[in-house]
Structure formats: C-alpha cells, structure tokens
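Peer 1: Here you go, sequence then predicted model.
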Amino acid sequence: MSSGIFGSIRPARITPSSDAEMYYTYRPTRSAEDAEFNGKYKTLDPGECLVNSVTEDNKVIDGVYELRLPLSVFYKKGFYTIYIKPKETTLKITDVSVLAAYPDVKGIVFNNPGVEDLTGYRIEFGDGTTRIIKSCNRCQPVAVSTGDGYPKATRYNLVDNASSLFFCTVSPSSAPSFKPNGYPYIGVPGEEVRLCNTLFTPKMIEIEMVDHDADTISYMLEGDQARNRDTGIITTYNEENEIYHQTDYYTIKSRLGVPLVDVKKNRENIDTTQSHDNIMSMQ
C-alpha cells in the first residue's frame, strides 16, 4: 500500500564546459602549505575533468559524471582539495520595468546575458539578497504613456525575434498579502548582479595522492618473489606476473671475511632478464 511519500530530486543533466566551474588547491601535508598555492585555488577545465559516460544502453544512470583528473596537474604526493560549483557570471541590469500588455507583471531586463534561457537561475544582489528567475523571454522596449500610476515610460513586449534583450520575471516579485504596499527588491538599472544556474549543489572533494595503495602493498607482502643467487637481485611480481619491484641483496663483510651486515637496497635500473617467464623457465 502506498504511503503517499514521493521524491522530487533527479540527477542533474549538465554540459560541464558551460554549466560548471572547477577549482583546486594542494597541500603536501594537512598542516603544511605549498609555496605555489599558499591556500589559493587554481582553475580546472570541467569539460576535461567531468565526463558523462552514459550510452544508449546505459541511460538509467544519466546525470552521473566521472571525475577524471589530468596527470599533468595531479602528480605530486599530498592532499588536493577540489571544488565543483555551478557556473557564475557577473552582469549589469539593463532595466527594471513591466510588460506593456500586462503592467502588473514586473521583471528584470538583461542585455545579452550569454545564455539562451535563464529560467531557474539564481540572481544575487550586492547586499546578499537572492531571487530565482521564473521565466525568461526575448523582448523589445516600447514607449508608452503611463496612466496607471507606474512611473516608467519604457515598457517591454515579448518577441520571437533575435533580440538581445531578455525580460525575466523573478520570485518573489509581488507584494505579500500581509504587506500589500511592500514590494520585494529586484534591483535597479545599472546594478551589477551575479547570475548562477541551480542545476546542482556545489561539491567539495578531498583527494590524497600516495605512493602506494592496498594492491601495491599486497604485492610487497604477498606477491611472488624470486632471488637470484648469482646477482643477489630480489624481484617482486604483481598479480599479472609483471615485475613490480626489484632490490639488490648483498652482505657487507669485514676484512677477514666475517659477515657484518645484510643490505637490501632498492634498484633504480630494472633488470628485465629477471622476468617471471625467464625465472620459471629455469626449472
């Protein structure tokens, strides 16, 4: 039996290059700052780092994006903090007026905002006030003789042509029932505001880059090994029987030939003759 509860949240379907911004910073340790960053953030290309791998046979996970980090940036051992947020742009208000045919519909006019449809975008004013855009249509100015008490002589008509002006209605923009003469603030002509899409919630991700993971540690603890009695080379193999690590193993003796210290030293030059196939073929 249905409980009557339903969800209204769905995964965001975005174009990363135009709908998202990405930033990152780096610290070699949690308590130390890197001289290059010093707590500051640098930009990343969302089009390169966020990849939607949905195919025709896999549409059920639409809205899930893989995070692919370029090795040219994320190559140092330490802590990376990545910030992913909706893209913002700064724009000036061209006008605040009403529609000529519907003087009770008040809205904000932008000139060429760079986005075809601003519906759903958030407007943030300088004092921190925010409004949500409910509708966005191209428009053109119309000079009218006002007789309804509204002080603006320039109003707007909605059009289908390629006008660079956009008339946006916002919420809230009408007077509340308990204060009929108090209209919400929706800006003034010439004011600079910030526009931001609301397609997804900002995300902060911390990534630790290390020398070893659980697999590589297990190679050293449990992986197959071979020790060459002639050269003293100890070779460790991974699960694919590939050479993962090599060390030189030798004994330091006294002048009288008495063994003093056994030494195991990492090799920089890998001896490929110690491959798994070569070693096993000696049996």
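Peer 2: Looks like it came in fine. Numbers count the residues shown, from 1 in each chain.

Peer 1: quick one: contacts for residue 86?
Peer 2: By Cβ atoms under 8 Å, 6 or more residues apart in numbering, the contact set of residue 86 is 19, 20, 21, 196, 197, 198, 199, 200, 202. The C-beta positions use only the backbone N, C-alpha and C, and glycine is treated the same way.

Peer 1: Restrict those residues to the buried ones and give me that as a PyMOL selection.
Peer 2: In PyMOL, a selection of the buried entries from those looks like this (16 or more other Cβ atoms under 10 Å):
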select buried, resi 19+20+21+196+197+199+200
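
Peer 1: Can you tell me which residue sits nearest the middle of this structure?
Peer 2: Geometric centre of the chain, nearest residue: residue 84, 3.0 Å, by Cα atoms, centre = their mean.

Peer 1: For the nearest residue to it once chain neighbours are set aside, give me its contacts.
Peer 2: Once flanking residues are discounted, residue 84 sits nearest to residue 203: 4.6 Å by Cβ to Cβ, 6 or more residues apart in numbering. With contact taken as Cβ under 8 Å, 6+ apart, residue 203 is in contact with 83, 84, 85.

Peer 1: The stretch 101-250 of the chain: strands as residue ranges?
Peer 2: 106-111, 122-124, 130-143, 154-158, 165-171, 192-196, 203-209, 225-227, 233-237, 243-253 (DSSP state E, counting those that start in this stretch).

Peer 1: Pull the residues that contact the third one.
Peer 2: The set of residues that contact strand 130-143 without belonging to it, under Cβ under 8 Å, 6+ apart, is 95, 100, 109, 117-125, 153-163, 165-173, 184, 186, 198.

Peer 1: Any of those residues buried? List them.
Peer 2: Neighbour counting by 16+ other Cβ under 10 Å classes 95, 100, 109, 118, 121-123, 125, 155-156, 158, 163, 165-170, 173, 186 among the contacts of strand 130-143 as buried.
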